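> Sequence and predicted structure, then a few things I'm wondering about:
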Amino acid sequence: MSMHRLFAEQLRCATDAAGRVQLVKLGKLVSAAYEASDRDRQRMTEARAKTHGQVEEDLLRTREFLDTIVDNIPIAVFAKCAKDSRYILLNRAGEDYYGLPREQMLGRTPEEVFPADVARIVNEQDRRVVASGMPMFLEEHLLEVGVKGHDRVINSRKMLITDAAGEPQYLVGVIEDVTERITTQERISHLAHHDALTDLPNRSAFNAALSERLERAQEASTSFAVLSLDLDRFKEVNDVFGHPVGDMLMRAAAGRLAEESDGGFVARIGGDEFMILMPDDVCREEVLALGERLVEAIGNELEVDDYLPHVGLSVGIAIYPDDGVDAVTLLANADSALYRAKREGRGRVCFFESAMDRELRDRRLLLHDLRQAVEQNQLLVYFQPQARMDGEIIGFEALVRWNHPTRGFVPPDQFIPLAEENGLIIQIGEWVLREACREAASWPRPLQVAVNLSPVQFQAGDLERSIHQILLETGLAPTRLEVEITEGVLIGDFTRALTLLRRLKALGIRIAMDDFGTGYSSLSYLQSFPFDKIKIDRSFISDLEERPQSAEIVRAVLSLAHALKIPVVAEGVETEAQRVFLAREACEEMQGYLIGRPEPIERYLDLIGVTVEQRLSA
């Protein structure tokens, strides 16, 4: 409302009915209007002051927030005056990076803060950015001279900020110390190509080195040697002394191989296996001398933490291009030579020969035929009787046999190791177990049936569930089944194998230790697990009459078993003289040609209580 209209309204209100103006009343109205106006102005003034204060407070909070953010950024942030490189801002990470509190840096130039050599480099970088107006980027830059120690790796960014007129105003930069990250990446890369235990190159690194060597040798028409090496008896040492000692021994052996390899590329490719890639144009005599020196170096006792476990070394050698022109052939032939060296007595050096190639091809063909035999159900189960010393038959051992269509009967010691190497033994073992249980369940006489289990079966699959299922399917009482294991079952994951054996025993199945006396650790296993039976290896029984030492070993085993109250079965009993000796020494049971050979069960129908007529009508 305008002042004129306001006064007219006040005048109207102060005029009475006669048209006279009441001055007192008019004065009061005017005074009230001024007072109201003054109050409105006061409220507006207070409102303006409050709004200004709120804005100032908001700006302060925003500035504090930004300062907090910058100060807590986990990489160094700084700002300088563009004219003289004087520091005007530094966050907490910057203090850590430079190793100086910001109070000692703010307001100062690089010359006033850093050593002369560092300040010179910093100033040169600043001048370059100011002169060019272009940002400076340094990725994974190695600081040869640094403010926080030497040899640090950094990522840095530095850029120029100008004012409204385009004049240089500030230099803003960030510095990220990536030394630990780069070190970690290098460590991960190293681990990807090196063996964690020995720090030697691993299989992947060896394959890459071999590919490069092949390419170089093909271009330059040179030759080179590949050595395949395997530690002898390492598993036995590992089992006797334990894995910590085995690990120390492996590291010591790796160190010796690296020291004695004449600059060769030494790699651990797994377990106790190593490979060495020799330099170009090394003659056969030099490679042979190297192999023999390595055998001697490893064959000498390695002192490991007050233990002197004795291992040996076998070496197989293949030469490029004579023994192969590609990686697969070279490695296969070096392994073939190694296989020959181990088979001929270990601790040897063998070159690859064409005869080995034929042998290798024959093994591959035999493996192919074995797979086919398994698929086509061509394997057989034979049974060999077991008896008390007086001749009473108490059970049979089920043994797998293979009648090859063209080769005839293949000895088990040829195809069983082959099946174990390639995992076929799992399928074969389960089939033998099922056939043996099915057959034994049909016998009128409740004789026992013994089945061998391979270490491979313990390492793969759910063996306990498989055996339990077979017993349910065939109807054979668990107490009539006896599984025979060698100490190879317990080598490796001893705890897992022991747990599995205890579960089988809890089902009522009997557990026998086969080939007792041929390994290093059978005695410790007897202490760890309550075996139901011990089987003395046939090698001791066959020498009873010729070697007094064998007789003493058999007596010692029998004495130990009697003290532990464990029955003993003597394997390989072929003569009456052997039986008499064992009976005199109180051996409980026997198995061998004297009692009966492994035969189809039809040859032993009378022993299982079945007539021929019953068998034919079954």
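Happy to help now that I have it.
> sec struct for the most centrally placed residue in the chain, please.
What sits nearest the mean C-alpha location of the chain, by C-alpha atoms, centre = their mean, is A196, with 9.0 Å. State at A196, reduced to three classes by DSSP: H, G, I helix; E, B strand; the rest coil: coil.
> any idea of the pLDDT on it?
Looking at A196, its pLDDT stands at 87.
> Phi and psi next, for it.
phi -70, psi -30 (degrees, to the nearest 10).
> List the contacts of the nearest residue to W431 once chain neighbours are set aside.
Nearest non-adjacent residue to W431, counting by C-beta to C-beta, 6 or more residues apart in numbering: L379, 7.0 Å away. C-beta: built from backbone N, CA, C; applies to glycine. Residues in contact with L379, defined by C-beta atoms under 8 Å, 6 or more residues apart in numbering, are A373, V400, R401, W402, I428, W431, V432.
> of these, buried ones?
With burial judged by 16 or more other C-beta atoms under 10 Å, the buried subset of the contacts of L379 is A373, V400, R401, W402, I428, V432.
> farthest pair in those residues?
A373 and V432 (12.9 Å; C-beta to C-beta).
> what's the residue nearest to D195 when sequence neighbours are not counted sitting at in phi/psi?
Distances taken as C-beta to C-beta, 6+ apart place R268 nearest to D195, at 4.3 Å, with adjacent residues excluded. Torsion angles at R268 (phi, psi; degrees, to the nearest 10) stand at phi -100, psi 120.
> What is the neighbour count of R268?
25 (other C-beta atoms under 10 Å).
> and it, bridged to which residues?
Following DSSP bridges, R268 is listed with bridge partners F274.
> isn't it right up against T198?
Yes. Between R268 and T198 there is a contact under C-beta atoms under 8 Å: 5.2 Å.
> overlap in contacts of these two?
Listed as contacting both R268 and T198 by C-beta under 8 Å, 6+ apart are A254.
> For the stretch 101-250 of the chain, which segments count as strands?
Listed in chain order, the strands of the stretch 101-250 of the chain (DSSP state E, counting those that start in this stretch) span 136-143, 152-162, 168-177, 224-232.
> Mean neighbour count, mean pLDDT and distance to A334 for those - can I get that in a markdown table?
Shown next, in a markdown table, are the strands of the stretch 101-250 of the chain (neighbours: other C-beta atoms under 10 Å; pLDDT from 0 to 100; distance: least, C-beta to C-beta, whole Å):
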| stretch | mean neighbour count | mean pLDDT | distance to A334 |
| --- | --- | --- | --- |
| strand 136-143 | 14 | 75 | 40 |
| strand 152-162 | 17 | 84 | 41 |
| strand 168-177 | 19 | 86 | 47 |
| strand 224-232 | 25 | 94 | 4 |
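> partner residues bridging the closest residue to M278 other than its chain neighbours?
Spatial nearest neighbour of M278, chain neighbours left out: A225 (4.2 Å); criterion: C-beta to C-beta, 6+ apart. Following DSSP bridges, A225 is listed with bridge partners I319.
> low pLDDT regions in the stretch 51-200 of the chain?
51-53, 55-56, 58-59, 62-63, 65-67, 70, 141-151 (pLDDT under 70).
> if you set the cut-off to 50 instead, what comes out?
145-146 (pLDDT under 50).
> what do you get for the chain?
In the chain (pLDDT under 50), the answer is 21, 145-146.
> Put the alpha carbons of stretch 225-238 into PDB.
Extracted C-alpha coordinates of stretch 225-238, given in PDB (Å, rounded to 0.1, in the frame of the first residue of the first chain):
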ATOM      1  CA  ALA A 225      69.600 -82.200 -25.000                       C
ATOM      2  CA  VAL A 226      66.600 -82.700 -22.800                       C
ATOM      3  CA  LEU A 227      67.200 -84.600 -19.500                       C
ATOM      4  CA  SER A 228      64.300 -86.200 -17.600                       C
ATOM      5  CA  LEU A 229      65.200 -86.900 -13.900                       C
ATOM      6  CA  ASP A 230      63.500 -88.700 -11.100                       C
ATOM      7  CA  LEU A 231      64.600 -89.000  -7.500                       C
ATOM      8  CA  ASP A 232      64.900 -92.700  -6.400                       C
ATOM      9  CA  ARG A 233      63.200 -93.800  -3.200                       C
ATOM     10  CA  PHE A 234      62.000 -90.300  -2.300                       C
ATOM     11  CA  LYS A 235      58.500 -91.600  -1.400                       C
ATOM     12  CA  GLU A 236      60.000 -94.000   1.000                       C
ATOM     13  CA  VAL A 237      62.000 -91.300   2.700                       C
ATOM     14  CA  ASN A 238      59.000 -89.000   2.700                       C
END
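> I'd like to know how far S336 sits from A225.
According to C-beta to C-beta, to the nearest Å, S336 and A225 sit 15 Å apart.
> now S132
Counting by C-beta to C-beta - S132 and A225 are separated by 58 Å.
> Verify the stated contact: M278 with F224.
Yes. M278 is within contact range of F224, at 5.6 Å (criterion: C-beta under 8 Å).
> Find residues that contact each of the two.
Common neighbours of M278 and F224 (C-beta under 8 Å, 6+ apart) do not exist.
> can you pull out the strands in the stretch 451-600 of the chain?
Under DSSP E, counting those that start in this stretch, the stretch 451-600 of the chain gives strands at 481-485, 510-516, 533-536, 568-571, 589-591.
> Give me the contacts around the fourth one.
In other words, strand 568-571. Outside strand 568-571, the residues that reach it (C-beta under 8 Å, 6+ apart) are 386, 512, 533-538, 541, 554, 557-558, 561, 578, 582, 587-592.
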